[in-house]
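Chemist: predicted model follows, preceded by the sequence.
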Amino acid sequence: MSEAQAIDLAVIGGTGVYALADLADAELHQPVTHYGAPSGPVRVGMIGERRVAFLARHGEGHSLPPHRINYRANLAALKSLGATRVLALNTVGGISERFGPRVLACPDQLIDYTWGRISTICEEPGTDVLHVDFGEPYSRSLRQQLIAAARSANVALVEDGCYGATQGPRLETRAEIARMRRDGCDLVGMTGMPEAGLAREMALDYACVAIVANWAAGTGPNPDEVITLQDVLDNVAAATGQVGKLLTVLLEP
């Protein structure tokens, strides 16, 4: 399988999503980019008649915390293999009432609370300075395709929402979540930025399907509930089957 061939879709998996079950005849690629090595190997195979690339954002053994991910290398690696569309799967907490555990959402807005991460491809001296438009942080065309595919596949998908990206790897305090709610955030995660901004700078069509793994601190029907990693993984596993159905329809000829 030549690296020059176009990839119909690249998928970046978040916490709990370390492979695509429906990816057939996968070949392993280990590109090294101008920005260094990506989080792990890129697996390129077929879903139906479409060529798909998959990369585990945290590494296939979840060895990288959110602030240590080389987001630039991840996106550059996918682009070097021929990807022009990137679907980000992000494991998140729900803040607003519509976003309980196991809900899938396709957010349309984003607030960045991260700090200290390399957030642009304009970092190195001598590179062109880009001022990309980011009023709509996710590609409208890819979002519309995802929403249409979800409706066709009968997959419940919340079709909007604001993703708040926090630094991690710790979870947030109740006061932080209360502030995010006041700011208008519906979802909280740790990997939404700088990934979305970098994708825009690299001229990639980029959209997010957020998998809600838990209620954020102090929210939901039991505000005193303690969030455990096992609960997160169980909820992600339960929702991932719906993601597979969504991908199958999205990739139909």
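Modeler: Sure thing, it's come through.

Chemist: what residues sit buried inside stretch 202-213?
Modeler: Neighbour-count burial for stretch 202-213, counted by 16 or more other C-beta atoms under 10 Å, picks out Met202, Leu204, Asp205, Tyr206, Ala207, Cys208, Val209, Ala210, Ile211, Val212, Ala213. C-beta here means a position set from N, CA and C on the backbone, and glycine is covered the same way.

Chemist: JSON lines please, covering these and showing pLDDT.
Modeler: JSON lines is the format used below for the buried residues of stretch 202-213 (pLDDT from 0 to 100):
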{"residue": "Met202", "pLDDT": "97"}
{"residue": "Leu204", "pLDDT": "98"}
{"residue": "Asp205", "pLDDT": "97"}
{"residue": "Tyr206", "pLDDT": "98"}
{"residue": "Ala207", "pLDDT": "98"}
{"residue": "Cys208", "pLDDT": "98"}
{"residue": "Val209", "pLDDT": "98"}
{"residue": "Ala210", "pLDDT": "98"}
{"residue": "Ile211", "pLDDT": "97"}
{"residue": "Val212", "pLDDT": "97"}
{"residue": "Ala213", "pLDDT": "95"}
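
Chemist: quick one: those as CSV, columns for distance to Glu159 and secondary structure too.
Modeler: Formatted as CSV, those follow (distance: C-beta to C-beta, whole Å; DSSP: H, G, I helix; E, B strand; the rest coil):
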residue, distance to Glu159, secondary structure
Met202, 26, coil
Leu204, 21, coil
Asp205, 18, strand
Tyr206, 17, strand
Ala207, 12, strand
Cys208, 12, strand
Val209, 11, strand
Ala210, 12, strand
Ile211, 15, strand
Val212, 14, strand
Ala213, 20, strand
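
Chemist: could you check how far the longest helix belonging to the chain is from the centre of its chain?
Modeler: Longest helix in the chain by number of residues (criterion: DSSP state H): helix 229-250. Relative to its chain's centre, helix 229-250 lies at 13 Å (C-alpha atoms, centre = their mean, to the nearest Å).

Chemist: next one: stretch 108-124
Modeler: The chain centroid and the centroid of stretch 108-124 are separated by 14 Å, computed with C-alpha atoms, centre = their mean.

Chemist: likewise stretch 68-75?
Modeler: 12 Å.

Chemist: out of the buried residues of stretch 202-213, who's nearest Gly189?
Modeler: Lowest distance from Gly189 to the buried residues of stretch 202-213 (C-beta to C-beta) belongs to Ala210, with 6.8 Å.

Chemist: I'd guessed that closest one sits against Ala105; true?
Modeler: Yes: the pair Ala210 and Ala105 passes the contact test of C-beta atoms under 8 Å, sitting 4.5 Å apart.

Chemist: so what sits against both of those two?
Modeler: Listed as contacting both Ala210 and Ala105 by C-beta atoms under 8 Å, 6 or more residues apart in numbering are Val92, Gly161, Leu187.

Chemist: can you put these in JSON lines and add secondary structure and neighbour count?
Modeler: Converted to JSON lines, the shared contacts of Ala210 and Ala105 look like this (DSSP: H, G, I helix; E, B strand; the rest coil; neighbours: other C-beta atoms under 10 Å):
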{"residue": "Val92", "secondary structure": "strand", "neighbour count": "29"}
{"residue": "Gly161", "secondary structure": "coil", "neighbour count": "25"}
{"residue": "Leu187", "secondary structure": "strand", "neighbour count": "29"}
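
Chemist: and the gap between Asp160 and Thr91?
Modeler: Asp160 is 19 Å from Thr91, where distance means C-beta to C-beta, to the nearest Å.

Chemist: name whatever forms a beta bridge with the spatially most central residue of the chain.
Modeler: Note on the chain: the residue nearest the mean C-alpha position is Ala88, at 2.7 Å, using C-alpha atoms, centre = their mean. As for beta bridges, Ala88 partners with Ile12, Cys208 under DSSP bridges.

Chemist: quick one: pLDDT of it?
Modeler: According to the prediction, Ala88 has pLDDT 98.
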